[in-house]
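K.L.:
can you look at this prediction? I've put the sequence above it.
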Amino acid sequence: MRKQIENSGADARDPKYTHGYYQGLLVDIGNAEHYMTYVPPADRNRPYSKSKLGDKTTLRQIYEFTGQKILRKAKTVDTIWFNCREMPDSFFEVEHTTDIQHSLDKFYELQDFNAKFFIVSDLSNKAHFNDLLSYSHYREICKRVEFRDYAWLYRYYRLKMEVSGMAL
């Protein structure tokens with residue numbers, strides 16, 4: 001399935017490129033970069049690369065890196081990369097069909113960690129992303145959240161797999 005995407009990116013309306021597919025690319029990249037990877041339990045049974053998304057992650061449970069209130073919010077983030085000290089390095093929200101604002105609200109709650117925040121979505125959602133980040137209540141996180149479109153993610157995935165010698 002992955003080889004079918006061209007560098008121009010996949011059409012988000014195409015049913016073969018699902019939310020779980022993009023989560024899987026993030027998990028594969030994180031694993032190749034030697035992070036511990038996490039996806040929420042509700043997402044682990046999603047199909048990805050002839051298996052299940054949960055089969056690709058390195059963590060079955062999230063590290064307890066903070067108090068329970070914030071940890072409950074972190075457990076809902078689509079993909080998290082943890083460093084060797086069991087602290088979050090990067091939080092990723094794949095916005096395939098849901099509202100970006102919900103993801104920004106999660107990132108707002110997680111802002112006290114020295115981690116990166118990424119929204120991964122179709123390029124057509126970038127203007128909406130930029131508009132939301134201009135709201136005053138996101139002032140604290142607006143410079144820390146980055147938008148990555150599907151085509152960028154796939155190009156980075158291919159590069160990372162080629163460099164690391166992993167099969168595409």
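P.N.:
On my side now, so go ahead. Numbering: from 1, shown residues only.

K.L.:
switch to C-alpha atoms for all contacts and neighbour counts from now on
P.N.:
OK.

K.L.:
who are the packing partners of the longest strand anywhere in the chain?
P.N.:
Longest strand of the chain, by residue count under DSSP state E: strand 88-95. Packing partners of strand 88-95 (3 or more CA pairs under 8 Å, 6 or more residues apart in numbering; DSSP states H and E): helix 19-32, strand 79-82, strand 116-121.

K.L.:
of all those, which one is nearest Val145?
P.N.:
With CA to CA, the closest approach to Val145 among those belongs to strand 116-121: 4.7 Å.

K.L.:
strand partners (parallel or antiparallel) of the closest one?
P.N.:
Here strand 116-121 has these sheet partners by DSSP bridges: strand 88-95 (parallel), strand 145-149 (parallel).

K.L.:
need the winner for burial among these.
P.N.:
By mean neighbour count, with neighbours taken as mean count of other CA atoms under 10 Å, strand 88-95 ranks first of those at a mean of 22.

K.L.:
using a markdown table, lay out the strands paired with strand 116-121 together with mean pLDDT and distance to Thr58.
P.N.:
A markdown table is the format used below for the strands paired with strand 116-121 (pLDDT from 0 to 100; distance: least, CA to CA, whole Å):
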| stretch | mean pLDDT | distance to Thr58 |
| --- | --- | --- |
| strand 88-95 | 97 | 14 |
| strand 145-149 | 97 | 23 |
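
K.L.:
now tabulate those in JSON lines and tack on distance to Ser103.
P.N.:
Converted to JSON lines, the strands paired with strand 116-121 look like this (distance: least, CA to CA, whole Å):
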{"stretch": "strand 88-95", "distance to Ser103": "6"}
{"stretch": "strand 145-149", "distance to Ser103": "10"}
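
K.L.:
who wins for proximity to Tyr138 among these?
P.N.:
Each of those was scored for nearness to Tyr138 using CA to CA, and the closest is strand 145-149 (9.9 Å).

K.L.:
where does the protein have low pLDDT?
P.N.:
For the chain, the stretches with pLDDT under 70 are 1-16, 167-168.

K.L.:
how about the helices of this protein, start to end?
P.N.:
Using DSSP state H, the helices found in the chain span residues 19-32, 53-56, 68-74, 100-109, 126-133, 150-164.

K.L.:
any idea which of those helices is most buried?
P.N.:
Most buried of the helices of the chain, by mean neighbour count (mean count of other CA under 10 Å): helix 19-32, with a mean of 22.
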